[in-house]
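Undergrad: Predicted model, plus sequence, below.
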Number of protein chains: 4
Amino acid sequence: MTELRIDANLVAETNAQQAEYLAQDYDMLAGQLARRNIDINAITERAMAFEVAVPSWGTGTGGTRFARFPGLAEPRNIFEKLQDCAVINQLTRCTREVSPHFPWDRVDDFSELRQYADNLGLGFTCVNSNTFQDQPGQQHSYKYGSLTNTSQAAREQAIAHNIECIQWGQTLGAKALTVWVGDGSNHPGQQHFQHALERYLDSMRKIYAALPDDWQVFIEHKMFEPAFYSTVIQDWGTNVLCAMELGDKAKSLVDLGHHAPNVNIEMIVSRLIQFKKLAGFHFNDSKYGDDDLDSGSLHPYQQFLIFNELVDAEYRKQEGFAPCYMLDQSHNVTDPIESLMNSAEEVQRSYVKALLVDREALYAAQADNDALQASRLLKAAFNTDVGPILAMARSRQNGAIDPVQTYRAANYRAAIAADRPSSGVSGSGIV
Amino acid sequence: MTELRIDANLVAETNAQQAEYLAQDYDMLAGQLARRNIDINAITERAMAFEVAVPSWGTGTGGTRFARFPGLAEPRNIFEKLQDCAVINQLTRCTREVSPHFPWDRVDDFSELRQYADNLGLGFTCVNSNTFQDQPGQQHSYKYGSLTNTSQAAREQAIAHNIECIQWGQTLGAKALTVWVGDGSNHPGQQHFQHALERYLDSMRKIYAALPDDWQVFIEHKMFEPAFYSTVIQDWGTNVLCAMELGDKAKSLVDLGHHAPNVNIEMIVSRLIQFKKLAGFHFNDSKYGDDDLDSGSLHPYQQFLIFNELVDAEYRKQEGFAPCYMLDQSHNVTDPIESLMNSAEEVQRSYVKALLVDREALYAAQADNDALQASRLLKAAFNTDVGPILAMARSRQNGAIDPVQTYRAANYRAAIAADRPSSGVSGSGIV
Amino acid sequence: MTELRIDANLVAETNAQQAEYLAQDYDMLAGQLARRNIDINAITERAMAFEVAVPSWGTGTGGTRFARFPGLAEPRNIFEKLQDCAVINQLTRCTREVSPHFPWDRVDDFSELRQYADNLGLGFTCVNSNTFQDQPGQQHSYKYGSLTNTSQAAREQAIAHNIECIQWGQTLGAKALTVWVGDGSNHPGQQHFQHALERYLDSMRKIYAALPDDWQVFIEHKMFEPAFYSTVIQDWGTNVLCAMELGDKAKSLVDLGHHAPNVNIEMIVSRLIQFKKLAGFHFNDSKYGDDDLDSGSLHPYQQFLIFNELVDAEYRKQEGFAPCYMLDQSHNVTDPIESLMNSAEEVQRSYVKALLVDREALYAAQADNDALQASRLLKAAFNTDVGPILAMARSRQNGAIDPVQTYRAANYRAAIAADRPSSGVSGSGIV
Amino acid sequence: MTELRIDANLVAETNAQQAEYLAQDYDMLAGQLARRNIDINAITERAMAFEVAVPSWGTGTGGTRFARFPGLAEPRNIFEKLQDCAVINQLTRCTREVSPHFPWDRVDDFSELRQYADNLGLGFTCVNSNTFQDQPGQQHSYKYGSLTNTSQAAREQAIAHNIECIQWGQTLGAKALTVWVGDGSNHPGQQHFQHALERYLDSMRKIYAALPDDWQVFIEHKMFEPAFYSTVIQDWGTNVLCAMELGDKAKSLVDLGHHAPNVNIEMIVSRLIQFKKLAGFHFNDSKYGDDDLDSGSLHPYQQFLIFNELVDAEYRKQEGFAPCYMLDQSHNVTDPIESLMNSAEEVQRSYVKALLVDREALYAAQADNDALQASRLLKAAFNTDVGPILAMARSRQNGAIDPVQTYRAANYRAAIAADRPSSGVSGSGIV
């Protein structure tokens, strides 16, 4: 039986206070949707089935190159991170999976870790390797690159780490490895673009060869940071070409903050779907670069338009379409648990709104070049307040009608603060 | 009595079909808002009082430097543009004012024009001068600039045109002149930045001196286009400094598409409010540059955040706060009337949502540095579906519950097509 | 024998005035380069062999959606455009080829046109189709797209036009077709991204099938304009995927102004080289979007870094590397002949500087991760004033040591103005 | 007598090997410039008088939020940083001043520190405060802001720190305080824009009041990072308005990496000159954000265009024009001493090239709207290889003809490595 981190009675009580209004709002919305020939309960069931994974590193307070300002009772290791993930899932009921990051989350006994997660009602999804930092005692430095390093020894060390990540991930029950490298250059001329990418592909072929039959490898591109002139997998173009070079088990992961200014991300998503290479997402929001802000906090309509592509692919039964959804955020000024709960809901909100789009009417407007009507059909879905559906989906699964409010009522951080004295060092591994 | 362009019976009939559902939705929303201590009727009254002006040039089909694809029954002169504006206002009931552009909208008898507008239930707001094009028979070319031209004669010609715009505007009942110039440079060195701005200020001082006592002049900045290396009023910084140099009657106009990528526009709005220099807006939406897309069609949350600043200034009774709201869009692939109706509603929607923000709770969250709660308070307002309020505001003023649907039912373009044979030339003056 | 548009005696005389100083400067530079183990004459010979094509449409004054300000004695048809191209090539000696644009440059007798060009010492390279404008009498409009239009009839019309462009180009001696379409959308939802690209690929397959054995088709991507929400070939990623779908004769063309802000274009060039898909270039410069400014006028170091990739590929004898170089600029405030001459020289300057890079030393610095030294090696080449090499290359081929100065001395426009009365309409076809 | 960190004999010997070629190159350049009516020795003297300050924090290896990869023999305190600065100045002879950062460079006895610098031939310029990090034992956290914090106690702590920086700076002989704060927000709503700026201005007024008569305060704006939604001094517009509010001793500092994409920075420089508010510069280069790359390494022409504005203001004897020049870079993959030497030379190079612009000819071209000629006049200066002037300026002051080569020959890091065991912690204070 799943161990609950927040008192189930508290959840039930706070829900009880809101249940009547929720029922009213839900009924009203049911009526409105019925007029549009939409069965609210079918939508709610899809909302209940929706999942977005939580990144283990997101449970710690993030920072920038300038500073990190620690929060109260931060988790100090993967076990404590899982505790916090369990809170998030208990209240939101849409984050059953955790995406671990190695070596930050390395333990001696991965079977024990899996069992620990299972007791909390959690599982593991895509594992992440780390060759963008040097670890204590590491033989070869990644200062000048990892999978693209001009030193063969450094590359082999990085390859070996990725392969051990796969092995650890197998024990944890994961099915994919996400590879993001910080390799690139800060000066024109520093790196030979083509030779670097050739080395990258050579390294990746070795990692690819180590994939179990039912595993995939996800390539993550990023425009800049930590390298500020060039990045080896700088955009989705290089990403997809590499995925094609490697084979069917290689796919391209989209992090919403890793693109050039003004880029139409929903179109990139469509292209990756079309060419059968969409791995999935690292959801977050951003205004300037890889800001890692809370998902949907700045551009909720863009997030909706991305889900419009995803739901459209589902609707069309696009071959090979099975993306993984993960959050990837840095919480510098908020309680990470609150931000992750809120963000999971925002992602789910976009999904549910996208389900409301009248697709056949949209296809008809597209066929007629009725741009205004097409635009209005999307807005009709987006403008619908689906809050009651999300709340009902949680309520029906014993989650919280209002996760943040319930979390605050539970006073979780204060309760565990004594058990988690501050080390001053982030458990997230960043900064 | 106001001449109606769309049959009032048609409006009444289409409204009648929707009235029952609207009443239901409005009542349910009233209940939800009441829980949040918000009186829906007070909000609806503010929605009814809300106005956004229509640009006369927006009624024609727009184009790009590559092509313009004409639409059916485009207006060929200011009288026909006013007819279309009357349709927009009849159905939306929030666009009583028209912003004219000279010399495109020049007529021999401006009193007659004002009367014509009045008969249609319309009035005039800010007049726009045009010194970015050469007119037939014009003595001095603006190829190398207008108010900043190195030729004194060219500058004086441009000044004189602005002054005549003021005079025409007085007859029309307007109270402000908006000055946007295309002056700038395409090559480093082409223009001496400081000397050019000094010439601009000299020219503007002469225009400023010609302002009637109750008039204002609005300076519009723009990052680029038609000049592609430098623009004389390139951003809000230069804009506000010029407005300060000129005096209290000079203010800074914000066009949402005239900024650098990633810029926080709502913050610029706040700064202009704080320094008592916000003239108002040219509303539109954009992804790349001055795309002049339909307002709120891409970034509805950004538009909401801008109105959050505006409503906050109202709430705080910020001294001297009285901005003018105008649309400024280019409709290349839609019926301009449909786009303008839809956009007016989208701007109104943002305003109404911003009215729902719990400001005292927001101030409290800000004081507590409760970033997540502050963010959620804004989202609580944004996520509310205020469609019933907007529809009711229209309905109570004999507008259309669904303006686009009613407009389509009226078959307006087809009905007037015979009266407006295509000239192949845009009545908008652009391209 | 080639007909000269500028009096050969005038060229000889102006050259004679500068020859002595040029000889001195050239000798001094020879000595400096000899210290770096570079044979200046070998470099000069490569400069003499360098070619960049002139776009026929570039000879007319350009404009923006706001206005076009005509210049003196603009060419009114392809024959007059060729006259101007002949001036450019006579003085610069590096622009022997012209890239025509149809239907703007359509004539009844293409053999006669080819002969006319030949008499002027000119030939034809890549032909450009135009399905972004409607032509008088055209049956189906491209308002809602051409190769991606939802109407099969419109698509077939666009396909047929591309095929006729190939046929005309064959007569002219060209070997490639460049396809740029304005297809895209201004509203979310207007176009189904995947279906639109599928239609594009279907259309392109038919054009591809019509290619003669020794022809290629070049796909040109562009981020935005004339569509402002999405563009069907929005970036190099979609471009290269389409080129791969089509086959070996399809390649990806890079226009320097068609990318997102901050994008590392030299890296894209490297990627296209690596994947054997680099078609060539439309050279120009830009600050904001597709500004079409004079090549190298704003970012000369970026242009050098691009040529660093190109020369490196030559040096490494990269398989299948044979890019086409073309200018593509809009001259709004300069004499197009002057801008094109100057830009051709700037492109050639970047090429020659890139030839000076000590590649073996660079490879060694890259192998050693000596970023500063690598950066300095590039700068050592870039900082070299190769002006004497460029001037000598022209002088040795009877071009002008200083093309702009000689052109001004020739008073070309004034001499032909009587023969070219202004029509008020651009011969460039744009605006 | 100044203590030299690099053996003077080594410098003399390496110079001796290059002196003959330098003399030749210098003489030939003298002849070329004489043709353009430029006296090379007058230029060389201005090069010799040119100064750009070194940031103390730049002598340590930088990093990103992801990692920092330490370098060999990094300085561990301000005394060791000064040693490295002395190397830079000894070899380049254009970096006599150091800009310190507190509390990183805090010492018990600032008189002793000043004497230590003086012995090394160094002095101090603008001091920098730090309220973007929490220091051990600090009473109030800056997690939610410093000068704008909603807590008055936190603001007063930040004000007091700035005032102590002024006091320390007085002892060091500095004349200005640079204030950069990380204050801003990551979530819409987190911060009330206007109230935050009001608090900023209140805090700054207290700091301003503490300025000695001959001191100035420099305000530094930045678009983003460490805050990713809004920054209190987000651009030059807010910067200059605040400087105007404070008074004549407040000016606006330009960091080249702190602007929005595509912004025309040279134009901002011109505006600040015109409005008498240009404080000076933090020089660096960037492609994406505040990348802090080596000055001129990516955009040398932009840097030249900035100096074109600066030299033009000197030429016009613009009232009140006296900017401070400083480097501000992060050296993640190079030896900081090498990067700082190279960057100082690149800044000096831009200055010297700007001196070569034929200003009267440029003014004439501007008056004639001869855009191409204006552009060519700038390029004529930029394309001149001024390397011999820079080398001669160094050589005449006993600096190194080739600073990097001489530095490498001296084997400085290896020689001091034993004295500077790695602490693993950056002496730069960053990360």
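TA: Perfect, I can see it now.
Undergrad: shaky segments in the stretch 51-200 of chain A?
TA: Nowhere does the stretch 51-200 of chain A drop to pLDDT under 70.
Undergrad: Flag every residue of it that's near chain D.
TA: Residues of the stretch 51-200 of chain A that fall close to chain D, judged by Cβ under 8 Å from any Cβ of the partner chain: A:62-67, A:69, A:132-134, A:141-144, A:182, A:185-188, A:190. Heads up, the C-betas are built off the backbone N, CA and C, glycines and all.
Undergrad: Give me the buried subset of these.
TA: Neighbour-count burial (16 or more other Cβ atoms under 10 Å in any protein chain shown) applied to these gives A:62-67, A:69, A:132-134, A:142-144, A:182, A:185-188, A:190.
Undergrad: Among the residues you listed, which lie within strands?
TA: A:S185 (DSSP state E).
Undergrad: Keep only those of the buried ones among the residues of the stretch 51-200 of chain A next to chain D that are also close to chain C.
TA: Counting by Cβ under 8 Å from any Cβ, the members of those near chain C are A:143-144, A:185-188, A:190.
Undergrad: Need the max-distance pair from those residues.
TA: A:K143 and A:P188 (18.7 Å; Cβ to Cβ).
Undergrad: hang on, A:N128 packs against A:R106?
TA: No. Contact criterion Cβ atoms under 8 Å: A:N128 and A:R106 do not qualify, at 11.8 Å.
Undergrad: Counting neighbours, go ahead and name the busier of those two.
TA: Between A:N128 and A:R106, A:N128 has the larger neighbour count (other Cβ atoms under 10 Å in any protein chain shown), namely 26 against 17.
Undergrad: Check whether the helix or strand that contains A:A153 comes near chain C.
TA: A:A153 belongs to helix A:152-172 when assigned by DSSP states H and E. No. Against chain C, helix A:152-172 shows no contacts by Cβ under 8 Å from any Cβ, the least distance being 10.3 Å.
Undergrad: Okay, buried residues for that helix please.
TA: Going by neighbour count (16+ other Cβ under 10 Å), the buried part of helix A:152-172 is A:154-155, A:157-159, A:161-163, A:165-166, A:168-169, A:172.
Undergrad: Give me the distance from that helix to the chain's centre.
TA: Mean C-alpha position of helix A:152-172 versus that of the full chain (Cα atoms, centre = their mean, to the nearest Å) differs by 22 Å.
Undergrad: Okay, helices next: where are they in the stretch 251-400 of chain A?
TA: Counting by DSSP state H, counting those that start in this stretch, the stretch 251-400 of chain A has helices at residues A:265-274, A:300-315, A:336-355, A:359-367, A:371-382, A:387-396.
Undergrad: and chain D, which of those is closest to it?
TA: Smallest distance to chain D across the helices of the stretch 251-400 of chain A (Cβ to the nearest Cβ): 9.2 Å, for helix A:336-355.
Undergrad: Could I get the average pLDDT for the closest one?
TA: Mean per-residue pLDDT for helix A:336-355: 98.
Undergrad: What of stretch A:411-422?
TA: 92.
Undergrad: Next: stretch A:281-297.
TA: Averaged across stretch A:281-297, the pLDDT comes to 98.
Undergrad: Does that stretch reach chain D?
TA: Yes. Using Cβ under 8 Å from any Cβ, stretch A:281-297 reaches chain D at A:286-289, A:291-294, A:297.
Undergrad: Neighbour-wise, which one of the residues you listed leads?
TA: Within the residues of stretch A:281-297 next to chain D, A:S297 tops the neighbour count with 30 neighbours, counted by other Cβ under 10 Å.
Undergrad: Contact partners for the nearest residue to that residue once chain neighbours are set aside?
TA: Computed as Cβ to Cβ, 6 or more residues apart in numbering or on different chains, the closest residue to A:S297 that is not its neighbour in sequence is A:D285, at 5.0 Å. Contacts of A:D285 were listed using Cβ atoms under 8 Å, 6 or more residues apart in numbering or on different chains, and they are A:256-257, A:291, A:293-299, A:303.
Undergrad: residue furthest from the geometric center of chain A?
TA: A:D368 (36.7 Å; Cα atoms, centre = their mean).
Undergrad: How about the residue nearest the centre of chain A: what's its closest non-neighbour residue?
TA: What sits nearest the mean C-alpha location of chain A, by Cα atoms, centre = their mean, is A:M326, with 1.8 Å. Excluding the flanking residues, the one nearest A:M326 by Cβ to Cβ, 6+ apart is A:A53, at 4.3 Å.
Undergrad: Up against chain B, what does chain A have?
TA: Checking chain A against chain B by Cβ under 8 Å from any Cβ, the hits are A:21, A:24-25, A:28, A:31-32, A:35, A:261-262, A:264, A:287-288, A:294, A:297-301, A:333-335, A:338-339, A:342, A:369, A:371-373, A:375-376, A:379, A:382-385, A:387, A:404.
Undergrad: Write the PyMOL selection for whichever of the residues you listed are buried.
TA: Typed into PyMOL, the next command selects the buried ones out of the residues of chain A next to chain B (criterion: 16+ other Cβ under 10 Å):
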select buried, chain A and resi 25+28+32+261+262+264+287+288+294+297+298+299+300+301+333+334+335+338+339+342+369+371+372+373+375+376+379+382+383+384+385+387+404
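Undergrad: so can I have JSON lines of the buried residues of helix A:152-172 showing distance to C:E225?
TA: What follows is the buried residues of helix A:152-172, written out as JSON lines (distance: Cβ to Cβ, whole Å):
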{"residue": "A:A154", "distance to C:E225": "44"}
{"residue": "A:R155", "distance to C:E225": "42"}
{"residue": "A:Q157", "distance to C:E225": "47"}
{"residue": "A:A158", "distance to C:E225": "42"}
{"residue": "A:I159", "distance to C:E225": "44"}
{"residue": "A:H161", "distance to C:E225": "45"}
{"residue": "A:N162", "distance to C:E225": "42"}
{"residue": "A:I163", "distance to C:E225": "47"}
{"residue": "A:C165", "distance to C:E225": "44"}
{"residue": "A:I166", "distance to C:E225": "45"}
{"residue": "A:W168", "distance to C:E225": "49"}
{"residue": "A:G169", "distance to C:E225": "45"}
{"residue": "A:L172", "distance to C:E225": "48"}
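Undergrad: Which member of the residues you listed is positioned nearest chain B?
TA: Using Cβ to the nearest Cβ, the buried residues of helix A:152-172 come closest to chain B at A:L172, 30.3 Å.
Undergrad: From chain D, how far out is that closest one?
TA: Per Cβ to the nearest Cβ, to the nearest Å, A:L172 is found 24 Å from chain D.
Undergrad: can you pull the contacts of that residue?
TA: A:100, A:110, A:113-114, A:117, A:124, A:127.
Undergrad: For the nearest residue to it once chain neighbours are set aside, give the beta-bridge partners.
TA: Nearest non-adjacent residue to A:L172, counting by Cβ to Cβ, 6+ apart: A:F124, 4.0 Å away. Residues in a beta bridge with A:F124, per DSSP bridges, are A:V98.
Undergrad: Look at A:F124 and say how many residues are nearby.
TA: A:F124 has 25 nearby residues by other Cβ under 10 Å.
Undergrad: got a list of what it touches?
TA: A:97-100, A:114, A:117, A:169, A:172-174.
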